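Colleague: Fold the following, please.
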Amino acid sequence: PLKRVNMSVMITLEMPVKPDMLEDYLNILKGALVETRDYKGCRSVTTLVDQETSSVVLVEEWDSVEDQQAYIAWRTETGLIDAIAPFMQGELVTRTYDLKTEI
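Modeller: Just a heads-up that it's a prediction; the model follows:
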């Protein structure tokens, strides 16, 4: 059997931002992602913006699902999740992917 050298997971978070609030939201995100990237287990975060729909997608690589869940719990406790709610025009969509570097 193949040994998994890289146990990391990729997580996408899609945020449907209200078009008139996109620039303000990106400014908030810029500051928040400094803390995200420093959080235990976070390997990387890439920000994608669909200008047509004003949707923002974060592509995150984490050491484990547990690290990302701990991060989300921390963000919820510290109020960021509630703070961004007024910027959204729909539900946040999170997907978790196994990284298959051998394929």
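
Colleague: From the contact counts, what lies against the longest helix along the chain?
Modeller: Ranked by residue count and defined by DSSP state H, the top helix of the chain is helix 22-38. Judged by 3 or more C-beta pairs under 8 Å, 6 or more residues apart in numbering; DSSP states H and E, helix 22-38 is in contact with strand 42-50, strand 55-62, helix 80-84. Placement of C-beta: from N, CA and C, glycine included.

Colleague: got the contact list for that helix?
Modeller: With contact meaning C-beta atoms under 8 Å, 6 or more residues apart in numbering, helix 22-38 is reached by 15, 17, 42, 44-45, 47, 49, 54, 56, 58, 60, 71, 80, 83-84, 87.

Colleague: quick check: mean pLDDT across it?
Modeller: Taken as a whole, helix 22-38 has an average pLDDT of 96.

Colleague: coming back round to it: to residue 9, which of the helices and strands packed on helix 22-38 lies closest?
Modeller: The closest of the helices and strands packed on helix 22-38 to residue 9 is strand 55-62. By C-beta to C-beta, the value is 5.5 Å.

Colleague: List the buried residues of the closest one.
Modeller: Going by neighbour count (16 or more other C-beta atoms under 10 Å), the buried part of strand 55-62 is 55, 56, 58, 60, 61, 62.

Colleague: Quick check: buried residues in the longest helix of the chain?
Modeller: Buried, per 16+ other C-beta under 10 Å, within helix 22-38: 22, 25, 29, 33, 36.

Colleague: Can you name the two of these that sit furthest apart?
Modeller: Maximum pairwise distance in the buried residues of helix 22-38, criterion C-beta to C-beta, is 19.1 Å, between 22 and 36.

Colleague: could you flag which of the contacts of helix 22-38 are buried?
Modeller: By neighbour count, with 16+ other C-beta under 10 Å, these hold 15, 17, 42, 45, 54, 56, 58, 60, 71, 80, 84, 87 as buried.

Colleague: between those, which is nearest residue 93?
Modeller: Residue 93 lies nearest to residue 15 out of the buried ones among the contacts of helix 22-38, by C-beta to C-beta, at 8.3 Å.

Colleague: Hmm, that closest one is touching residue 91, no?
Modeller: No - between residue 15 and residue 91 there is no contact under C-beta atoms under 8 Å: 9.4 Å.

Colleague: Before I go, just wanted to say thanks for your time.
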